[in-house]
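K.L.:
sequence below, structure please.
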Amino acid sequence: MGIGIPELIVILLVVFLFVGPKKLPEVGESLGKAMKSFKKAVYSSSDEKPKEDSAEHAETETPAQSKTQEQSE
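P.N.:
Numbers count the residues shown, from 1 in each chain. Okay, here's the model as predicted:
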């Protein structure tokens with residue numbers, strides 16, 4: 001039910017007709033840069049949040065405090 005090979009060919013032909021052969025490499029390059037920056041933003045935002053939480057927790061609690069908390073439980 002997804003997009004197959006014939007549909008992709010039709011889409012590429014339509015894009016080729018609208019953009020033209022001279023501008024097609026520029027469009028591809030800008031699309032690649034946009035996808036790269038989007039992936040970078042998605043991965044960096046998801047990676048930063050857990051690291052910040054664990055870093056804050058590590059700074060506020062010393063090993064001695066965590067041992068006494070474990071013993072009291």
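K.L.:
which residues in this protein form strands?
P.N.:
Taking DSSP state E, the chain contains no strands at all.
K.L.:
hey, which helix or strand in it has the poorest pLDDT?
P.N.:
The helix or strand with the lowest mean pLDDT-type score in the chain, counting by mean pLDDT, DSSP states H and E, is helix 63-72 (a mean of 56).
K.L.:
could you pull out the helices for this structure?
P.N.:
5-19, 24-60, 63-72 (DSSP state H).
K.L.:
for the record, mean pLDDT for the second one?
P.N.:
Averaged over helix 24-60, pLDDT sits at 74.
K.L.:
look at Tyr43 and say how many residues are nearby.
P.N.:
10 (other C-beta atoms under 10 Å). For glycine as for every other residue, the C-beta is placed from the backbone atoms N, C-alpha and C.
K.L.:
gap between it and Lys36?
P.N.:
Between Tyr43 and Lys36 the distance is 11 Å, computed by C-beta to C-beta, to the nearest Å.
K.L.:
and what of Pro6?
P.N.:
Plainly put, Pro6 is 29 Å away from Lys36 if you go by C-beta to C-beta.
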